[in-house]
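Participant: Sequence unavailable; structure follows:
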DNA sequence: CTGTATCCACGACGATACTG
DNA sequence: CAGTATCGTCGTGGATACAG
């Protein structure tokens, strides 16, 4: 079982750190997961089908990372086979607003 | 300080991509460089002294990356020894505003 | 269905030495 | 002063196989 541990990407900078936001958004799939969940609660399989070309391993890692950072919540239902639902937290919904600004920025300066 | 900082590119996603912003901000030193330059034009040596623990190699790489993405401009003066100045573009200044929002977001959800 | 285990490739970055 | 060259480290994520 391996340590899917978060390694801080930015150096420690106390007064003006944007590390939490960058950290959460920097994964290859994080943003796409957030965007999917912004549309509503989804299951693992739904996410994998909706996000093009993501492997189970990568999706699992992204979900763990986002959960650990309070961006989404994971709910397990003891059915057979297992059912798991993922839902954006308010914190995650707020973060999505920031990604919208990035999109606007990118479009403005194309 | 931390060892590694591999930053993956986001997958191609045409309609709502935030890739340009994430790509530019994801480097270990990018944000710190942008923050320094937001305060005003600076030379290479100034940047290196002001940014804690950054190596010439890493700083050089970050500057190249940011220049390539239109975040800053590089001006060489044919003095001896060489003088080089880096200045944030309007695009870069705009981007800095987004990082401020990330800071607010991070503080809000602490 | 929802993951984990293993192996491998890739690329950012540190350390050090060196250049015009 | 402002970088580059080279070597090494190590976190990500893809591929595939397997598990609860």
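Facilitator: Noted; the coordinates are in hand. Keep in mind that what you see is a predicted model, and the values were worked out from it rather than measured. Numbering: from 1, shown residues only, chains lettered A, B, ... in the order given.

Participant: so, in contact with chain B or not, the lowest-mean-pLDDT helix or strand in chain A?
Facilitator: One helix or strand of chain A scores below all others by mean pLDDT, DSSP states H and E: helix A:19-25, with a mean of 90. Yes - among the residues of helix A:19-25, A:19, A:20, A:21, A:22, A:25 lie within reach of chain B under C-beta under 8 Å from any C-beta of the partner chain. All C-beta spots, glycine's among them, are computed from the backbone N, C-alpha and C.

Participant: Next, count neighbours for the last one.
Facilitator: Other residues lying near residue A:25 total 24 when counted by other C-beta atoms under 10 Å in any protein chain shown.

Participant: contacting residues for it?
Facilitator: Shown in contact with residue A:25 (C-beta atoms under 8 Å, 6 or more residues apart in numbering or on different chains): A:31, A:95, A:99, B:18, B:22.

Participant: Spatially central residue (nearest the centroid) of chain A, please.
Facilitator: residue A:30 (3.7 Å; C-alpha atoms, centre = their mean).

Participant: Pretty sure residue A:24 is one of the things it touches, is it not?
Facilitator: Yes - if you go by C-beta atoms under 8 Å, residue A:30 and residue A:24 touch, sitting 6.1 Å apart.

Participant: quick one on the thing from earlier: next structured bit after the least confident helix or strand of chain A?
Facilitator: The element immediately downstream of helix A:19-25 (helix or strand, assigned by DSSP states H and E) is helix A:30-38.

Participant: Thanks a lot, catch you later.
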